[in-house]
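K.L.:
Fold the following.
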Amino acid sequence: MNKTILYVNYEGESAVPIIEALRIEEYEVIEVGHDIEAVEYVESHKIDMLILDYGSKGNEFEVISQLRTRMGFFLILILSDIMMSEKIIKGFAAGANEYITKPVQIEIVLVRIRNLFNLIEIENTENNLPITIGELYIDPRSRMVRRNTQSIELTPKEYDLLLYLARHVNQVCSRERILKLVWKYDYSLGTNVVDVYIRYLRLKIDKGHRHKMIHTSRGVGYILIGE
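P.N.:
Numbers count the residues shown, from 1 in each chain. The predicted model follows:
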């Protein structure tokens, strides 16, 4: 299936050659003219990449932060006239995956886009590999979980939390990071949802086993320890 690219064209005619080149490469390109249209489109359609083609003004990247907190994952590429290091850093901090300064060579833009998609495909392949930690077995493709030979039924959020801990095995995971990456919350707002779900996991993963895998790092968060 062809990759879908949402192209936010703030610059008018100067973006036409890049858009045409993308379509020649058989990307499906949807062109919009401002942030509001971009947000509306992403709210109702799946995309693989967002390209923000900025000029010398208006690139404060608020739309990136907005989309990153509200929508599913997709790649974000910035094209900009501004070469200031502070602006580039701000773009990456907002959530961009690539920042290319203009004027650009279209061939370079195409290579960077292909490279980003290739990296994501490699990462997705690796993320689908089964995880074995001592007695614990997790298959991300089927979302199947076993300890020894016993299957464990988890709710979707319990599974997401366990998978996050398993991918950071033997590392302390703070409540703040768990909230942000598992629940997509930017701030804790006094919630104890992580502690509640850790209790659920302990009942299903550790109860009845001599070796306890899920441990508390007092005042910080939690850690999954392999045998």
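K.L.:
Let's see stretch 134-150 as PDB, backbone CA atoms only.
P.N.:
Written as PDB, here are the backbone C-alpha positions of stretch 134-150 (Å, rounded to 0.1, in the frame of the first residue of the first chain):
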ATOM      1  CA  GLY A 134      12.800 -15.700  32.400                       C
ATOM      2  CA  GLU A 135       9.500 -17.400  32.700                       C
ATOM      3  CA  LEU A 136       7.600 -14.600  31.000                       C
ATOM      4  CA  TYR A 137       6.800 -14.700  27.300                       C
ATOM      5  CA  ILE A 138       5.100 -11.900  25.300                       C
ATOM      6  CA  ASP A 139       4.200 -12.100  21.600                       C
ATOM      7  CA  PRO A 140       3.500  -8.500  20.400                       C
ATOM      8  CA  ARG A 141       1.900  -9.800  17.200                       C
ATOM      9  CA  SER A 142      -0.900 -11.800  18.900                       C
ATOM     10  CA  ARG A 143      -0.700  -9.900  22.300                       C
ATOM     11  CA  MET A 144      -0.400 -13.300  23.900                       C
ATOM     12  CA  VAL A 145       1.200 -13.400  27.400                       C
ATOM     13  CA  ARG A 146       2.400 -16.600  29.200                       C
ATOM     14  CA  ARG A 147       4.300 -17.200  32.400                       C
ATOM     15  CA  ASN A 148       5.700 -20.700  32.300                       C
ATOM     16  CA  THR A 149       3.000 -22.600  30.300                       C
ATOM     17  CA  GLN A 150       0.100 -20.600  31.800                       C
END
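K.L.:
Which residue ranges of the protein form helices?
P.N.:
16-24, 35-44, 62-70, 85-94, 106-127, 156-166, 175-181, 193-201 (DSSP state H).
K.L.:
Compute the first-to-last residue distance for stretch 123-132.
P.N.:
Stretch 123-132 has an end-to-end distance of 18 Å (C-alpha to C-alpha, to the nearest Å).
K.L.:
Just give me how far that stretch sits from the chain centre.
P.N.:
How far stretch 123-132 lies from its chain's middle: 15 Å, per C-alpha atoms, centre = their mean, to the nearest Å.
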